[in-house]
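Asks: got a predicted structure plus its sequence, pasted below:
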Amino acid sequence: MSFANSELVPKSADWIAPLKGVGHYNKKNVEDAQKAVNERMKVLEDYLLVNTYLVGERLTLADIFVATLLLRNFENVFDKKWREEYPNTTRWYETIINQPIYESAPKPTFIAEAIKYSPPKKEPAPKKEAPKAAPKAAPKAAAEEEEEEDKPAPKPKHPLDALPRSTMVLDDWKRKYSNEDTPVAMKWFWENANFEEYSLWRVDYKYNDELTMTFMSANLIGKSCRAHLSDSFNEIQVDSSTALRQAENSSLDP
C-alpha cells in the first residue's frame, strides 16, 4: 500500500495531469514520468505472475486500496497496448473490480488508446490601437523594462550536482528494501554501500523527558528526515522509521 501511494501515485499524476491540461506540459517530464510508472508497474507485474492477490491467497484491503489508486491510470493511459504488455496486472485488476465488495466503487472504462496532449487554442490577439504621440525615448525605455521582466531568473544549481555519479544506485536500494525481507535487504546494503559517497547518521534527541506518549515520538520520527530538507533531496535520500515504545517510556535514544 505504501509502495503504491508513495511510488505510483505521484509519478502517475506527473504523467496524466499535463496530458489533461492540468498544469504545465513539458514533453520530457511527461515521458520521464511515464517511464517511471511503467518501471514500478513492472515490479507489480512480475509479482502477480505467480500470485493471485497482493497479500496471501485471499482478497485483502491492499488489493482494494491499490486498485482504487490505479483507477485514473486505466481510464487515461493504460490503453489496450499497455494492457497486452501487462497481462498479469490487468488480470488482477479485473478480478478486484469485479468483487462483490467493489460494486459500489467507481469502475474505469477501459480505453483503446491513451489520451494525448492537445495544446490549448490560442485566442485571437486584440486589435492594436493606434499609439498615442509620446517622446521617442519613452517607448524604448518601456520596451527595455518589459524585456528585463520577461527574462526568467536563472535556475539555481543543486549543490550536489558538482559530485560525481555514485556507484550505488539509491533506487535499487529502495526497491530491495521495499520488496525483500529485512535481513536480505540489509545484506545487499552492506555489500553495495560505498561510504565514500554516502553516510550513516546517529541522532540523539535532546528532550526525551518531554516524550510522555508514544505518538509524540512517532510524530518526531516521521518529520525528522523531511521537515528540514527540500523536495530536491527526494531522489538522493531514503528513510524508514518505526517507533516501538511504550507510554512513559518513549525516548528517542537509538
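Replies: Good, I have the coordinates. In this text, all values refer to a predicted model and were calculated from it rather than measured experimentally.
Asks: to the chain's geometric centre, what's the distance from stretch 35-54?
Replies: Computed by CA atoms, centre = their mean, to the nearest Å, the chain-centroid distance of stretch 35-54 equals 17 Å.
Asks: what residues of that stretch count as buried?
Replies: 36-38, 40-41, 44-45, 48, 54 (16 or more other CB atoms under 10 Å). In short, each C-beta sits where N, CA and C put it, glycine included.
Asks: show me these that map onto helices.
Replies: Using DSSP state H, the subset of the buried residues of stretch 35-54 located in helices is 36-38, 40-41, 44-45, 48.
Asks: please tabulate those residues in a markdown table, including the columns distance to P119 and pLDDT.
Replies: A markdown table is the format used below for these (distance: CB to CB, whole Å; pLDDT from 0 to 100):
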| residue | distance to P119 | pLDDT |
| --- | --- | --- |
| A36 | 24 | 93 |
| V37 | 23 | 92 |
| N38 | 25 | 93 |
| R40 | 29 | 91 |
| M41 | 28 | 92 |
| L44 | 33 | 92 |
| E45 | 33 | 93 |
| L48 | 37 | 93 |
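Asks: list just the nearest of the residues you listed to P120.
Replies: Closest approach to P120 among those (CB to CB): V37, at 24.7 Å.
Asks: which SSE is the residue nearest to the closest one when sequence neighbours are not counted in?
Replies: Computed as CB to CB, 6 or more residues apart in numbering, the closest residue to V37 that is not its neighbour in sequence is K11, at 4.9 Å. Element membership of K11, judged by DSSP states H and E, is helix 9-19.
Asks: and P120, what does it touch?
Replies: Going by CB atoms under 8 Å, 6 or more residues apart in numbering, P120 touches G21.
Asks: and it, how far is that from R72?
Replies: 21 Å (CB to CB, to the nearest Å).
Asks: hmm, back to that, for the residue nearest to V37, the count of nearby residues, please.
Replies: Using other CB atoms under 10 Å, K11 has 20 neighbouring residues.
Asks: TSV for the buried residues of stretch 35-54, including distance to H24?
Replies: As requested, the buried residues of stretch 35-54 are arranged in TSV below (distance: CB to CB, whole Å):
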residue	distance to H24
A36	18
V37	19
N38	22
R40	23
M41	25
L44	29
E45	31
L48	35
L54	34
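Asks: for these, which one is nearest K81?
Replies: Closest approach to K81 among those (CB to CB): N38, at 11.8 Å.
Asks: roughly how far does the closest one sit from Y86?
Replies: The gap separating N38 from Y86 is 8 Å, by CB to CB.
Asks: if we can go back for a sec, taking the ones in helices among the buried residues of stretch 35-54, tell me the two that lie furthest apart.
Replies: Within these, A36 and L48 form the most distant pair, 19.3 Å apart (CB to CB).
Asks: hang on, the earlier thing: residues contacting the residue nearest to V37?
Replies: 33, 36-37, 40.
Asks: would TSV of those with distance to S178 be doable?
Replies: Shown next, in TSV, are the contacts of K11 (distance: CB to CB, whole Å):
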residue	distance to S178
A33	19
A36	15
V37	16
R40	10
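Asks: excluding chain neighbours, what is closest to L49?
Replies: Nearest to L49 is N88, by CB to CB, 6+ apart, at 5.1 Å.
Asks: which of the three states applies to the one you found?
Replies: When classified by DSSP: H, G, I helix; E, B strand; the rest coil, N88 comes out as helix.
Asks: ok, it touching L54?
Replies: No - look at N88 against L54 with CB atoms under 8 Å: they stay out of range, at 11.8 Å.
Asks: count the neighbours of K157 for me.
Replies: Neighbour number of K157 under other CB under 10 Å is 8.
Asks: what's the distance between it and E197?
Replies: Distance from K157 to E197, counting by CB to CB: 19 Å.
Asks: where's K176, which helix or strand?
Replies: If you go by DSSP H and E, K176 is part of helix 170-179.
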